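J.: Show me how the following folds:
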Amino acid sequence: MAYTNSEITQLLQKQAALNTAIAEAREKETRLALIEMVQKMREYDISLHELMGQKLGEPAAALQKYRDPVTGATWSGRGREPQWIAGRDRDRFLTNGGNTDGPVQVALFQQAR
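T.: Next up, the predicted model:
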């Protein structure tokens with residue numbers, strides 16, 4: 001709907017600019033928090049496996065192989081299959097196979113150095 005009142009149009013433009021500024025500020029804050037986390041992990045020698053709650057030497061089967069994109073629920077692929085994946089193509093729900101050294105994490109570690 002196009003407004004004919006120029007004051008409303010100007011306010012809507014300001015609102016759009018503020019929404020953009022808020023999104024950029026949140027993204028910057030998130031990036032800084034991730035960099036700080038990586039630095040702390042290095043400082044205290046915390047591995048990604050430990051961060052995820054997996055102890056070193058624990059079998060890889062404990063890693064989550066599938067993720068429901070709607071709820072974020074995960075499944076290792078062992079035991080009874082959850083209802084959100086039952087009867088569906090499992091490939092659609094694959095995570096990075098439990099590999100925690102994906103491109104995002106690697107890039108963060110490299111950037112924090």
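
J.: any idea how far residue 32 lies from residue 23?
T.: From residue 32 across to residue 23, the span is 15 Å (C-beta to C-beta, to the nearest Å). C-betas here are computed from N, CA, C, even on glycine.

J.: let me redo that: residue 73
T.: 27 Å.

J.: okay, these two: which has more neighbours?
T.: residue 73 (15 against 10; other C-beta atoms under 10 Å).

J.: Might one say that the more buried one is in contact with residue 64?
T.: No: Residue 73 sits out of contact with residue 64 when judged by C-beta atoms under 8 Å, with a separation of 9.3 Å.

J.: all strands of the protein, in order?
T.: 66-67, 74-75 (DSSP state E).

J.: Which among those strands is found nearest to residue 12?
T.: Of all the strands of the chain, it is strand 66-67 that lies closest to residue 12, at 37.7 Å by C-beta to C-beta.

J.: Please work out the average pLDDT along that closest one.
T.: The average pLDDT for strand 66-67 rounds to 88.

J.: next one: stretch 34-49
T.: 91.

J.: list the buried ones in it?
T.: Neighbour counts using 16 or more other C-beta atoms under 10 Å place 34, 38, 41, 49 of stretch 34-49 among the buried residues.

J.: Can you add distance to residue 78 and give the residues you listed back as CSV?
T.: Converted to CSV, the buried residues of stretch 34-49 look like this (distance: C-beta to C-beta, whole Å):
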residue, distance to residue 78
34, 31
38, 31
41, 28
49, 18
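
J.: CSV please, covering the strands of the chain and showing mean neighbour count.
T.: Putting the strands of the chain into CSV (neighbours: other C-beta atoms under 10 Å) gives the following:
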stretch, mean neighbour count
strand 66-67, 19
strand 74-75, 18
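
J.: can you put those in a markdown table and add distance to residue 96?
T.: As requested, these are exported to a markdown table (distance: least, C-beta to C-beta, whole Å):
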| stretch | distance to residue 96 |
| --- | --- |
| strand 66-67 | 10 |
| strand 74-75 | 12 |
